[in-house]
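Student: Output the structure for:
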Amino acid sequence: MPTSSRNGGIPTPLAISTSELRKAYGDKVVLDGIDLRIPAGSVFALLGPNGAGKTTAVKILSTLISADGGQAQVAGHDVATAPDGVRAAIGVTGQFSAVDGLITGEENMLLMADLHHLSKREGRRVTAELLERFDLTDAAKKPAQSYSGGMKRRLDIAMTLVGSPRIIFLDEPTTGLDPRSRSNMWGIIRELVADGVTVFLTTQYLDEADELADRIAVLNDGRIAAEGTAEELKRLIPGGHIRLRFADPGAYQRAADALREVTRDDEALTLQLPSDGSQRELRSILDWLDSAGIEADELTVHTPDLDDVFFALTGPAVPNQSKETAR
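Tutor: Residues are numbered from 1 along each chain as shown. Have a look, this model is predicted:
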């Protein structure tokens, strides 16, 4: 199995790798040669606008459709030449629930156990354990159509885990869920990764990727526009700054005269300095203010967030949504 260097250079097996992966539907190129290297036991988030090719990538990697070109390996198996090996190692939860609403949650689980050729005894044991793990025991005997959206999502993932997959594809798993259900789903994903499962996540919620993913790739026009950790991606986008507000006009004037590359607002008595938001740079400014005997009444740090990254890489859509944090 291919490896990646993580944890101070210690080789880590790759759960998923692709090289020049391509897919087109007629004249529409959906994937235009994407390369991915996803270490085992991590969360990888694929972001992109609607129609960017996120679901197509999941379908290829889970052997549901074939690529037109390039190569892909999942759990050490080539998706084109060893699809059975891939399927034995993965679980897939799509945008739309695979739960059968006409039967109970327990019956959905037992049906999945049968599909995985578990014995009846083993199937009941696994079903009971997963229903308890996902807090569905009390609802196990009720028709799944009576479940809330969050409960159906939990049941969907529980069904995915019946076969003990090492790699799980979650295609927009929290679409349509309320904030509490989304938070619960995030907790479930963290638990899966803590157990050594690799999670390939597609999502339109940028805060979800920021919260969960070890690495993030932004897919646009069929290609990977950028890839890295959330912090690495945020540093790609200019516009970070530190804002100082003063109550004393004299202190404001002394700071404005001394600081370089500063944007003044004489009416509000505020100064804005370009900044990458690093702790080192912030400490330098605070040390300078102390040594100059100048006291700012308020300091705020503005750093680009994943919204800024997303819109910068995929085109403008809404006004800037970066955050300012008071210090």
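
Student: what about the helices in the stretch 51-200 of the chain?
Tutor: Listed from the start of the chain, the stretch 51-200 of the chain has helices (DSSP state H, counting those that start in this stretch) covering 54-61, 83-89, 105-115, 120-133, 149-160, 179-194.

Student: can you list the weak-confidence ranges in the stretch 1-150 of the chain?
Tutor: Low-confidence segments of the stretch 1-150 of the chain, defined by pLDDT under 70: 1-11, 95-97.

Student: swap in the stretch 201-327 of the chain?
Tutor: Where the stretch 201-327 of the chain drops into low confidence, which here means pLDDT under 70, it does so at 239, 277, 316-327.

Student: Let me have the helices of the stretch 51-200 of the chain in TSV, adding distance to residue 217 and mean neighbour count as columns.
Tutor: C-betas here are computed from N, CA, C, even on glycine. Shown next, in TSV, are these (distance: least, C-beta to C-beta, whole Å; neighbours: other C-beta atoms under 10 Å):
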stretch	distance to residue 217	mean neighbour count
helix 54-61	10	23
helix 83-89	20	17
helix 105-115	30	20
helix 120-133	30	16
helix 149-160	23	22
helix 179-194	17	15
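
Student: Out of these, flag the one nearest residue 245.
Tutor: helix 179-194 (32.3 Å; C-beta to C-beta).

Student: Can you spell out which helices and strands pack onto the closest one?
Tutor: Other helices and strands packing on helix 179-194, by 3 or more C-beta pairs under 8 Å, 6 or more residues apart in numbering; DSSP states H and E, are helix 149-160, strand 198-202, helix 206-212.

Student: who wins for proximity to residue 108 among those?
Tutor: helix 149-160 (6.0 Å).

Student: Would you mind getting the angle between that closest one and helix 179-194?
Tutor: Angle of helix 149-160 versus helix 179-194, following axes from the mean of the first three to the mean of the last three C-alpha atoms, to 10 degrees, is 20 degrees.

Student: I'd like the helices of the stretch 51-200 of the chain as TSV, with distance to residue 99 appended.
Tutor: As requested, the helices of the stretch 51-200 of the chain are arranged in TSV below (distance: least, C-beta to C-beta, whole Å):
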stretch	distance to residue 99
helix 54-61	19
helix 83-89	20
helix 105-115	6
helix 120-133	13
helix 149-160	5
helix 179-194	15
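
Student: closest one to residue 255 among these?
Tutor: helix 179-194 (41.0 Å).

Student: neighbouring contacts of the closest one?
Tutor: When contacts are defined by C-beta atoms under 8 Å, 6 or more residues apart in numbering, helix 179-194 is touched by residues 41-43, 134, 148-150, 153-154, 157, 161, 168, 170, 173-174, 177, 199, 201, 205, 208, 211-212.

Student: related to what we said a few turns ago, out of the helices of the stretch 51-200 of the chain, which is closest to residue 313?
Tutor: helix 54-61 (14.2 Å).

Student: could I get that closest one in PDB with only the CA atoms?
Tutor: Output of helix 54-61 as PDB, limited to C-alpha atoms (Å, rounded to 0.1, in the frame of the first residue of the first chain):
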ATOM      1  CA  LYS A  54     -17.600  15.900  -5.600                       C
ATOM      2  CA  THR A  55     -20.200  13.200  -5.900                       C
ATOM      3  CA  THR A  56     -18.600  11.900  -9.100                       C
ATOM      4  CA  ALA A  57     -15.300  11.500  -7.300                       C
ATOM      5  CA  VAL A  58     -17.000   9.500  -4.500                       C
ATOM      6  CA  LYS A  59     -18.800   7.300  -7.000                       C
ATOM      7  CA  ILE A  60     -15.500   6.500  -8.800                       C
ATOM      8  CA  LEU A  61     -13.600   5.800  -5.600                       C
END
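
Student: what helices or strands is that helix leaning on?
Tutor: Using 3+ C-beta pairs under 8 Å, 6+ apart: helix 54-61 touches strand 10-25, strand 28-39, strand 43-47, strand 69-74, strand 167-171, strand 198-202.

Student: Output the ones you listed in JSON lines; the columns should cover distance to residue 53.
Tutor: Converted to JSON lines, these look like this (distance: least, C-beta to C-beta, whole Å):
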{"stretch": "strand 10-25", "distance to residue 53": "7"}
{"stretch": "strand 28-39", "distance to residue 53": "4"}
{"stretch": "strand 43-47", "distance to residue 53": "9"}
{"stretch": "strand 69-74", "distance to residue 53": "13"}
{"stretch": "strand 167-171", "distance to residue 53": "12"}
{"stretch": "strand 198-202", "distance to residue 53": "10"}
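
Student: Mind checking these for the one nearest to residue 119?
Tutor: Of the helices and strands packed on helix 54-61, the one closest to residue 119 (C-beta to C-beta) turns out to be strand 167-171, at 23.8 Å.

Student: in the closest one, what counts as buried?
Tutor: For strand 167-171, burial by neighbour count (16 or more other C-beta atoms under 10 Å) applies to 167, 168, 169, 170, 171.

Student: now that strand against helix 179-194, angle please.
Tutor: Per the same axes, to 10 degrees, the angle that strand 167-171 makes with helix 179-194 is 160 degrees.
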